[in-house]
Structures are given as C-alpha cells and as structure tokens.
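Q: fold the following, please.
(chains A and B, ligands or ions: 1)
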Amino acid sequence: MVQKIPKPIYDEESRPFWDGLNNGELLIQHCNSCRENIFYPRSICPHCFSEEIQWSKASGNGRIYSYTVVHQAFGPYKEEVPFIVGIIDLDEGVRMMTRIIGERDQIAIDKQVSVVYQQIDNDFVLPYFRLV
Amino acid sequence: MKSERIAAIVGVAESDLGKTPNKNVLQLQAQAAKAALDDAGLTKDDVDALFTAGNWAWAPNLMLAEYLGLNTKYMDSTNIGGSSFEAHVGHAMAGIQAGLFNVALITYGSTNRTNPMKPTSQAPLTAQYEQPYGLPGTVGSYALAAMRHMHQYGTTSEQLAEIAVATRKWATLNERAYKREPIEISDVLNSRYIAEPLHLLDCCLVTDGGGAVIVASKEVVSRTKKRPVWILGHGEANSHNTITNMPDLTVTSARESGQRAFEMAGVARAEIDVAEIYDSFTITVLLTLEALGFCEPGEGGAFVSGQRTAPEGSFPMNTNGGGLSYCHPGMYGIFLLIEAVRQLRGECEMRQVNDAELALVHGTGGVLSSTSTVILGRD
Ligand SMILES: [Zn+2]
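A: Model prediction:
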C-alpha cells in the first residue's frame, strides 16, 4: 500500500493515543475529578482544570453528528475524492473527526457507526468508522 | 441608542483588489493606509497606534511599522482569523477610552490569489486529530455545519443559494467587485460540489487585496474631513478552534458577540438599516443571521428566501457584493467595515441604502471559531 497520508507529528502527550490504535484500541481520557470524558488528549481537564487524568478504552461505538462528501481536496488527498469525512459522537460523550466508510446513499446523520482500525502504514493506524 | 461618543471611524480605503501580481502585502497595506489617511484628512504623523493581522511575517506589526516609518505608542496584532479587524476596532475604542492613544491605523493586505498558501502536510499539536482525514480545512468545516443545519431544520441548498444570488446583485452595482455577471439560483445549484452540501458558488472568491481603517478619538474627530461614523457597540466571542470541537454546529458565537454589541450600543435589531455580514460561505451568513437574533434558530433559510437581502429586498446585506462576489483575500473582515462606513456616509451611489443611519458589521474567523460584532452609527 502506498502511503499517501502524512503521519501526524506525535508528541509525548499524544503518543498513547497513536500507540493504542496500533494495538487495536481507541483510547480517550477520563477526568477523575469531574468525571468527564475527554478527547483529544490533554494534560489538563478542559472542564475543571484537574490534572488527575487517566487513559480509558472507548467502546468504538457512536453516531454520526455530521459529515461531508469531499469533492475537491489537496495534497495527498487530491486523488482520493470523493471521500467522506465525518464527526462522530462516541457513546462515551466525546467527539472526533474521522473518515466514514460506506456507500454514500447509506450515510446519514444520527446513524450508528463503529470503529475500524485502518492500517495506513506499518506503524500508522487511523480510526475510521463504518455503519453498523 | 447610547449617547456617549468615544471613538469614530474617520477614514477607510481599499488597496488595489482582485489580482495584484505586481504588489506585495506591504505595498497593498501602504497604499490602503495612505488612502485612508487622505480620506480622514489626517497624516502619518497623527497615527499613534498600529493594528494589523496576518501570517506573512514572524511579527507583522514590526515589519509593517518599519516599512511605513511608524513608531507608535501602541500595537495590537490580535489574529482570530477573518474577524480580527472587527476585534481591532473594539480594541482601538477601548485603548482610546483608556487614554492610551488617539489615532489607530488598522490595516490588512494579502496576495492570496497570486501567492496561494501551500497546503501543509505537517500536522502538529491539535491539528494531528483532524488533518490525517483529508478534510479541506475551511470549506470542509463549513460543509459539516451546513449538513447539520439541513438535517436539523430542513434548510435547503436553494435557500443557501438565495444568499449567493442576492449578494451577486449587489456586486453588479459595485464597479470594484470582482464578479459582476448576474447569477440565478439554478447556477448555484448546478455549480460543482466542493464539499457537500456546498457548491462552488456557495464559496467565497479567492482574491488579492488590502484595506485600511482609521479609528480616532472624539477630540481628533473634530478636525477630520468627513462625517464621523461612531463606534456604538462592540462584542467579541469564540467557541472553538477545530471544527470537531464546535459545541453546536448550528450555533455560532455570534450569539454572544452580537448580544454584547447590541447591549453596548443600546439599539434594537429592528433599528439596523444595513448589515455587513461575513460571507466566506453562504452557510456562514445563514448561521450568523440566526445567532445574531435577526431570526429564530432554524429560520435562517426562510429569512433569506425571496431575495430578502438583495438590493430590492427588505434586509439590505453585503451591499458591496461581499466575499462571495466583491473580494475575499482570506481575512475579509476589514472590507465589511469599509463598506459599512461608506453606506453611513451616503457614498455608495448605485448601491446606497436610503437614509442608512445604523449599520451592523459582523466578522467570523477560523472555522466558525471566532466572531466579532461592531455596531456603527452616524449623527
Ligand atoms: Zn475535570
């Protein structure tokens, strides 16, 4: 597989998330102080400023909050159009951007989706979602 | 309307617009700054505060100040995207009220058409959670908002197209506008998709261009050339940076910035004679009209129907032809201010809104991330 997607610039804060994907786990964070779940990874809770944050494994299930079919893209994505990018509300109450895999006509807001671990490169996995 | 007069916009000007392959961003800003000072009847020596926003230098204010030969008492480089210049107007008024300076020069310049920004493949910091999915950042984000609004309220592509068509009608009346041939709703719907549900004609232009605005204290106003346009109200707000983190894709922070501006100005929505509302995309306008309270949430589509915002309509909006048809060099906010001032001075000839006394100017920056609202009025 030709890698067309540039690898994100990992840092110490984000590495557990990316490592988790390599191990088939979708990791989010949980604040032990205010009990909110958190995504993307942070070292401080954006709800209460607590630093008592731990990683937790998400179910990988959620619903489509919104999506778009991209017809004009740039750089490494140019050749891939049309493709579908969405925002997913995970069951754990956090949102993430993703690619949605599936037939255009089947995809709609509020439909349920689950995570697919898309191998991009030998050590680079992205969490895509598909309709359940 | 509040009676206290603190600061006014006393000079406005654009640089060359459209395609300006022979001018760099410093030249564009110098050209606009000189013209705006002429418009005000002030000189370079009157300027004691400099405001600019851009990403064309490590410290744009310093480069521009040196180029223009200015050593001001005060600088502000607030960059919250396209709404930066509405924020600058508010900050300038606050600085004048605090007695820090008397004359602020606000400038913008971009060669976004001649030298487009190269898409970066680097995704550091919080960009790493979005960029790998290939969303074309700006248009893709607004498309996500439009799709959600359609789902939630039944808003249609035809309703969004109403905005593009009405705005083009205004552009036909403005000789500075880049696109002036009339379009119909079917033209918008038949233009190709960029990111569903947004078509090419739902999207703003990509042009070069610059502008300048002069804000002066009440004391200075008495010796300026044209009638002052008073800054009556200002509000600023932000809700997110990345589109994934916008709390509600159908509600922008215009709700907060607008409320603050209306409260400060002491005017009602129904009193606004002309509105200049950031139109990076048709959906930007629709969401903003709702969030500012010109209609209820979800009613934006109905509100703009029947060409309500066109020259013959009951809600004159984006009277220069907007970012959709007049010019859009990337951070469009300064041009909203320039047009509002010209409308309140009665300088708009063919496109003049009769007896315009109160104008609302609203900037949106980033991916619906920041907003700044300014209410302007003449005596
Ligand atoms: Zn917390």
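Q: show me the strands in the chain, by range?
A: Since no chain was named, I'll use chain A. Assigned by DSSP state E, the strands in chain A fall at A:27-31, A:37-38, A:53-57, A:61-70, A:83-90, A:95-101, A:112-121, A:124-131.
Q: chain B, not that one
A: Using DSSP E, strands in chain B cover B:7-18, B:49-52, B:74-76, B:103-110, B:193-195, B:198-199, B:208-217, B:229-238, B:274-277, B:358-365, B:370-377.
Q: kindly reformat those as TSV containing distance to chain A.
A: To be clear about C-beta, it is placed using only N, CA and C from the backbone, and glycine gets the same treatment. Listed next are the strands of chain B as TSV, based on distance: least, Cβ to the nearest Cβ, whole Å:
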stretch	distance to chain A
strand B:7-18	22
strand B:49-52	27
strand B:74-76	27
strand B:103-110	19
strand B:193-195	4
strand B:198-199	8
strand B:208-217	20
strand B:229-238	14
strand B:274-277	23
strand B:358-365	18
strand B:370-377	18
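Q: now the residue located most distally from the centre of chain A. Nearest residue, chain neighbours left out?
A: Using Cα atoms, centre = their mean, the residue of chain A lying farthest from its centre is A:Ser33. It sits 24.4 Å away. Nearest residue to A:Ser33, sequence neighbours excluded (Cβ to Cβ, 6 or more residues apart in numbering or on different chains): A:Ser50, at 3.5 Å.
Q: gap between the residue lying closest to B:Leu286 once chain neighbours are set aside and the ion?
A: Spatial nearest neighbour of B:Leu286, chain neighbours left out: B:Gly300 (3.9 Å); criterion: Cβ to Cβ, 6+ apart. Going from B:Gly300 to the ion by Cβ to the ion, to the nearest Å gives 35 Å.
Q: show me the contacts for the closest residue to A:Pro8 other than its chain neighbours.
A: Excluding its sequence neighbours, the residue lying closest to A:Pro8 (Cβ to Cβ, 6+ apart) is B:Gln128, at 3.4 Å. Each residue near B:Gln128 by Cβ atoms under 8 Å, 6 or more residues apart in numbering or on different chains is listed here: A:8-10, A:14.
Q: next one: B:Val361
A: Per Cβ under 8 Å, 6+ apart, neighbours of B:Val361: B:86, B:275-277, B:336-337, B:340, B:373-376.
Q: next one, pLDDT for the residue farthest from the centre of chain A please.
A: A:Ser33 carries a pLDDT value of 98.
Q: in the sheet, who's paired with A:Cys31?
A: Note on A:Cys31: beta-bridge partners by DSSP bridges are A:Ile53.
Q: poorly predicted segments of the chain, please.
A: With no chain named, the answer covers chain A. Applying pLDDT under 70 to chain A flags the ranges A:1-3.
Q: I was thinking of chain B, sorry if that wasn't clear
A: Looking at chain B by pLDDT under 70, you get B:119-121.
Q: got the domain boundaries for chain B?
A: Split into domains by automatic domain parsing, chain B comes to B:7-116+B:208-231, B:136-203+B:234-378.
Q: closest point of the stretch 151-300 of chain B to the ion, which residue?
A: Residue nearest to the ion within the stretch 151-300 of chain B: B:Asn245 (16.0 Å; Cβ to the ion).
Q: show me what contacts that residue?
A: Here B:Asn245 is in contact with A:Arg95 (Cβ under 8 Å, 6+ apart).
Q: quick check: residues of the stretch 151-300 of chain B near chain A?
A: Within reach of chain A by Cβ under 8 Å from any Cβ of the partner chain, the stretch 151-300 of chain B has these residues: B:151, B:192-198, B:242-245, B:249.
Q: recalculate using a threshold of 7 Å.
A: Counting by Cβ under 7 Å from any Cβ of the partner chain, the residues of the stretch 151-300 of chain B lying close to chain A are B:151, B:192-196, B:244, B:249.
Q: hang on, the earlier thing: for the residue farthest from the centre of chain A, which residues are in contact?
A: A:45, A:48, A:50, A:52 (Cβ atoms under 7 Å, 6 or more residues apart in numbering or on different chains).
Q: same thing with B:His149?
A: So B:His149 contacts B:155, B:250, B:283, B:287 (Cβ under 7 Å, 6+ apart).
Q: so it versus B:Thr364, what's the distance?
A: 15 Å (Cβ to Cβ, to the nearest Å).
Q: coming back round to it: which one, of the strands of chain B, ends up nearest to B:Ala268?
A: strand B:358-365 (9.7 Å; Cβ to Cβ).
Q: quick one on the thing from earlier: scan the residues of the stretch 151-300 of chain B next to chain A and report the most crowded one.
A: Counting neighbours by other Cβ atoms under 10 Å in any protein chain shown, B:Ala195 comes out on top of these with 29 neighbours.
Q: hang on, that one packs against B:Val139?
A: Yes: counting by Cβ atoms under 7 Å, B:Ala195 touches B:Val139, with 5.1 Å between them.
Q: can you list contacts of stretch B:310-319?
A: Outside stretch B:310-319, the residues that touch it by Cβ under 7 Å, 6+ apart are B:166-167, B:169-170, B:173, B:274-277, B:279, B:307-309, B:339, B:343, B:348, B:351, B:353.
Q: for stretch B:109-124, that is, sorry about that
A: When contacts are defined by Cβ under 7 Å, 6+ apart, stretch B:109-124 is touched by residues A:6, A:8-9, A:74-76, B:15, B:19-21, B:24-26, B:28-29, B:54, B:131-132, B:206-210, B:329-331.
Q: list the contacts for B:Val274?
A: Applying Cβ under 7 Å, 6+ apart, one finds that B:Val274 lies in contact with B:316, B:319, B:340, B:343, B:353, B:356, B:359.
Q: and the buried ones among the residues you listed, selectable in PyMOL?
A: A single PyMOL command is used to select the members of the contacts of B:Val274 judged buried by 16 or more other Cβ atoms under 10 Å in any protein chain shown:
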select buried, chain B and resi 316+319+340+343+353+356+359
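Q: would you check which pair of the contacts of B:Val274 lies furthest apart?
A: The widest separation within the contacts of B:Val274 (Cβ to Cβ) is 11.1 Å, between B:Pro316 and B:Ala340.
Q: ok, the residue nearest to A:Ser33 - contacts?
A: Per Cβ under 7 Å, 6+ apart, neighbours of A:Ser50: A:31, A:33-34.
Q: out of those residues, which touch the ion?
A: Near the ion, judged by Cβ under 5 Å from the ion, the entries from the contacts of A:Ser50 are A:31, A:33-34.
Q: ok so, going back, between the contacts of B:Val361, which is closest to the ion?
A: Nearest to the ion, judged by Cβ to the ion, of the contacts of B:Val361 is B:Thr373 at 31.7 Å.
Q: near the closest one, how many other residues are there?
A: Neighbours around B:Thr373, by other Cβ under 10 Å: 33.
Q: what residues does chain A put near chain B?
A: Residues of chain A lying near chain B (Cβ under 7 Å from any Cβ): A:5-6, A:8-9, A:14, A:40, A:66-77, A:80, A:83, A:85, A:87, A:95-99, A:109, A:126.
Q: who does the residue nearest to B:His91 when sequence neighbours are not counted form a beta bridge with?
A: Excluding the flanking residues, the one nearest B:His91 by Cβ to Cβ, 6+ apart is B:Asp76, at 5.3 Å. Beta-bridge partners of B:Asp76, counted by DSSP bridges, are B:Phe51.
Q: okay then, goodbye and thanks.
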